[in-house]
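>>> My questions are about this predicted structure, shown below with the sequence.
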Amino acid sequence: MNLGSRPGLFSRLFTALVFIFLYAPIFLLIIFSFNAGNSNSVWHGFSLHWYGELFQDRLIMGGVYTTLLVSLLATAIATVAGTFAAIGFYNMRRRWREPLMVINEIPMINADIVTGVSLCLFFVAAFAAWNGFVTWMEQTYRLTAPRLELGFATLLIAHISFNIPYVVLAIMPKLRQMDKNLIDAAQDLGCTWMQAFWKVVVPEIKPGIVNGMLIAFTMSVDDFVISYFTAGPKTSTLAMVIYSMTKKRVTPKINAVSTLLFGAVLLLLIVVNVRQARQEKAAAKVRRR
Amino acid sequence: MRNKLSWFSAPYVVWMALFTVAPVILVVIYAFTAVPPAEGFTLDNFLRMKEFAVVFARSFRLALIATFICLLIGYPLSYFLAKEGPSFQKIAMVLIMLPMWMNFLLRTYAWMSILENNGFLNRMFAALGIIDLGNLINGGLNSLCASLNEGVLAWLNARLGTALLLSTDRATDMTYFRMLYTQGAVVLGMVYNYLPFMILPIYSVIIKLDNSLLEAARDLGASSARVFRKVIFPLSLPGVLSGVTMVFVPSVSTFAISKMLGGGTKLLLGDLIELQFLGGAYNPYLGSAISLVMMVIVVVCMYVMNRFGEGEEQAVVL
Amino acid sequence: MKKLFALTLALAVMVGLLAGCAMDDDKREVNICSWGEYIDESLITQFEEETGIKVNYQTTDSNETLYNLLETTGWGGFDVIVPSDYMISQLIEEDRLAELNYDNIPNFEKIDDRFKNLPYDPENKYTVPYTWGTLGIIYNTQRVTEPVTWDLMFDAEHAGDVLMIRNSRDAFGLALMSLGYSVNTTDEEEIRQAYEKVAQANRDGVYQAFVMDEVFQLMESGSAAVATYYAGDYLSMLESNPDLAYVVPEEGSNWFVDAMCVLKNAKNKTEAEEWINFLCSTEASLANMDYIWYASPNTEALEKYPEYYEETYGEPLDMELYEIMAAPQEVLDRCEAYLVLPADIRALYNDLWTQMGIN
């Protein structure tokens, strides 16, 4: 898009200042992860001491692991479920679609804390009912079943629940852009409707799916509030570990884990972008021939 | 065919009924339930809401300030970025997203040690003599006010029978600026955390503006300021609205930021709710009622704003 | 797209498998919820190595938050908790605790008789004491020169330099003491006066923040000058900031016992008892005392500690510090233990505590 004149000195300066604002705290965090002392403001010399401590710390490592697992699983499940849901909604009569789309947006409109609290109340109430039922069965029929409590499963359900709406919303516009006759054409040419779905619809909306998946992952990794209310007392995501750590003596172990996370994300981004650039170049070459 | 494909959404509809609708209904039920040992339906939890009017006002004020600052920074930035070359834009967008992949608590934590009384900024200020300068300025202001008090104001007071006095007790022995555990720190935390939510929707709307419209405006002799005012800005409004909601809603309901940067001496809505569930004062009925009121206010605000935005297709999520 | 999706799935499966290998499902485990900075963490590893029981150790910050966490999450999840005296009474009253099998806790006999059959558990069926100590004022001697009484917690002279404790029982308790009332009063008027005193100071900007374990960072770095906290934690802070001092005010204070209990819903009761027994041993008590600076109720450990300190650090223990950790009888005599409050007063505490931050 052409907005007219090229950016001037002022706009460049402004952009630079915003990026400094965004990154200065992160870089300070990173620098002080190499501090020999346990301060975030006074430099005591270079050391990798805190990284050693970090790998010893089971709470933090457990948190990193839980965060990764729940984000990846929730992203995968939400992407599949969201794709199917979006296609379903799109093919529905308007009368049905509109109210369902409104309900779909509830977790996005609601503040995180409301979503978290409501899910927490729901799980606890449902589990209390179930556990009461189990006790009753044990007493009367000597049958037993596992008792349920908040934990990784509820955390995962919560993450999937707030991820799917983003996936649906990312895919919907792509469905609208799609030529409505495509599916019919495919079927006329002998596709079953399943084949029509896989060979025609999915490739058409691919960019939307990828976009939704990225948003879902970002939301999962970034979440603290909903996890805090649904993970139960025993499971902790990294954010929850950090939250409880900031209530204690601050340790540069947190800086070390930030540095590693930052490094990992940066590396991933670079790899993805370099690959993309290469593919584009290759594609350009093919076209020239 | 169409009907068959519509069944694809059946599992998700069941899922929504269980994990979206049922929990919200449960919050409503809790909000209208009396606190044990009393039982049954009650409106008491809502009648108590006026006690918390101050908290509602404070939360909305801070969130509005934060949203406004985000807009003030985010809009120009998005506009400037859209003018840059494509590779510059791509890198810039990645850089804006990147902090979000580090978790928002880490971003908030980073500010804690920067803003502390003996933290990084105060040490820098001390080393650069800025704190001494502050003391000096305060001292100067004090003596200026003192002389004004003795001169002009004494004369005025004598004439008008008033007792106007300027304060002369500004601190001149500061060894640090108090930044952590202030409301300013809370707003800073909100702006820092949620700025990307403002930039991304605005940027993605501006970048998709129809070129021919802009060219037409220019061909018809509009100056660039006029093009911006009459074409670009109105067309980017959906992005602005979407950004405003995406910053305002998490800001108004945050509890982690206010706890970490605000010190808990003045509660926000989020703190108040958290306090009733996992904090120091257990009362899920009251907590649900507060959540419900907040939910309603937010939904009404958004409805009004969307009407104002003339039912534009929900801009873009990110 | 397919590749990206496959990558995500593959990563998830990989992370899952990694964990699957790391933790067997049949492995014995015990889930503990304690306070922050409240154990020598090497003891956890030692226990795991000796017994093969996996320890899942979480922390929360006050008795009230612990109770709310359990109540909100439906009383599942944890086996061992370490609440204070008055909270234990409440939990027993509500039938939340399991009776212990003291045959599995032979080390219980090493506990000093002073700490057995206390009012919160008169027949000693549910609890094994973990630590005890006093509540007092920690202040920075560079910035506070006046005599230290509870009034210092409300002193506008130090506006912005005072840290108030973030739990209703201690915060209202210290206000009650400064007003000359009992910490266990059930007189609504007295409690409201205490609330008003704290709330007024908060409105006047006396408090920099309401804190629990954040107090370490803020007092050690000198960011705040006055705080109310526990004796053991003061001694920890002293290691990083020698300017700090601790006083149990003359008007009196609170002395507490934190005891280990097992929840009624606990899934790992035998493992829980094994853990409790392990922490009662003299060696563990000594190591713990040295690390967290809270006095142990283990008679032998308490007596031996000065000796242990000299052996470990090659210098004698300052007896003044020892007396702060293990308060002598004359200090305890002017202290009062918290008793459980009736349900309506607890509700009042909760309501007032909610109102505190409104101003």
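It's in. Numbering: from 1, shown residues only, chains lettered A, B, ... in the order given.

>>> Contact residues of chain A facing chain C?
If contacts are counted using Cβ under 8 Å from any Cβ of the partner chain, the residues of chain A sitting beside chain C are A:39, A:59, A:65, A:68-69, A:72-73, A:75-76, A:79, A:120, A:124, A:127-128, A:147, A:149-151, A:206, A:209-210, A:213, A:217, A:232-234, A:236, A:244, A:246-250. All C-beta atoms are positioned from the backbone trio N, CA, C, and that covers glycine.

>>> tell me the contacts of the nearest residue to A:Asn110 once chain neighbours are set aside?
For A:Asn110, ignoring the flanking residues on the chain, the nearest one in space by Cβ to Cβ, 6 or more residues apart in numbering or on different chains is B:Met295 at 6.1 Å. For B:Met295, the set of contacting residues under the criterion of Cβ atoms under 8 Å, 6 or more residues apart in numbering or on different chains consists of A:Asn110, A:Ala111, A:Val114.

>>> Mind listing what's buried along stretch B:140-154?
In terms of neighbour count (16 or more other Cβ atoms under 10 Å in any protein chain shown), stretch B:140-154 has its buried residues at B:Asn142, B:Cys145, B:Leu148, B:Asn149, B:Leu153.

>>> List the ones among these that fall in helices.
Using DSSP state H, the members of the buried residues of stretch B:140-154 that fall within helices are B:Asn142, B:Cys145, B:Leu148.

>>> would you turn those into JSON lines with pLDDT and distance to C:Glu41?
Listed next are these as JSON lines, based on pLDDT from 0 to 100; distance: Cβ to Cβ, whole Å:
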{"residue": "B:Asn142", "pLDDT": "88", "distance to C:Glu41": "52"}
{"residue": "B:Cys145", "pLDDT": "88", "distance to C:Glu41": "56"}
{"residue": "B:Leu148", "pLDDT": "87", "distance to C:Glu41": "61"}
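
>>> which one of those residues is nearest C:Phe115?
Closest approach to C:Phe115 among these (Cβ to Cβ): B:Asn142, at 57.7 Å.

>>> Thought B:Asp169 was touching that closest one, still the case?
Yes: using Cβ atoms under 8 Å, B:Asn142 is in contact with B:Asp169, at 7.3 Å.

>>> Quickly find the element holding the residue in chain A sticking out farthest from the centre.
The outermost residue of chain A relative to its centre, with distances by Cα atoms, centre = their mean, is A:Thr140 at 44.7 Å. Using DSSP states H and E, A:Thr140 maps to helix A:112-141.

>>> which strands and helices sit next to that helix?
Packed against helix A:112-141, as judged by 3 or more Cβ pairs under 8 Å, 6 or more residues apart in numbering or on different chains; DSSP states H and E, are the following elements: helix A:152-177, helix A:225-230, helix B:22-31, helix B:269-277, helix B:284-308.

>>> rank the ones you listed by pLDDT, which is bottom?
For the helices and strands packed on helix A:112-141, the bottom mean pLDDT is recorded on helix B:284-308, which sits at a mean of 88.

>>> Let me know the angle separating it from helix A:112-141.
Helix B:284-308 and helix A:112-141 are oriented at 140 degrees to each other (axes from the mean of the first three to the mean of the last three Cα atoms, to 10 degrees).

>>> Can you list the buried residues in helix B:284-308?
Residues of helix B:284-308 classed as buried under the neighbour-count rule (16+ other Cβ under 10 Å) are B:284-295, B:298, B:301-302, B:306.

>>> How about the contacts made by A:Phe55?
Applying Cβ under 8 Å, 6+ apart, the residues near A:Phe55 are A:Met61.

>>> That one and chain B, how far apart?
When Cβ to the nearest Cβ, to the nearest Å is the yardstick, A:Phe55 and chain B sit 18 Å from each other.

>>> ok, and for stretch A:25-33, which residues are buried?
Using 16+ other Cβ under 10 Å as the burial criterion, the residues of stretch A:25-33 that qualify are A:Pro25, A:Ile26, A:Leu28, A:Leu29, A:Ile30, A:Phe32, A:Ser33.

>>> again, but for stretch C:303-313
Neighbour counts using 16+ other Cβ under 10 Å place C:Lys304, C:Tyr305, C:Tyr308, C:Tyr309 of stretch C:303-313 among the buried residues.
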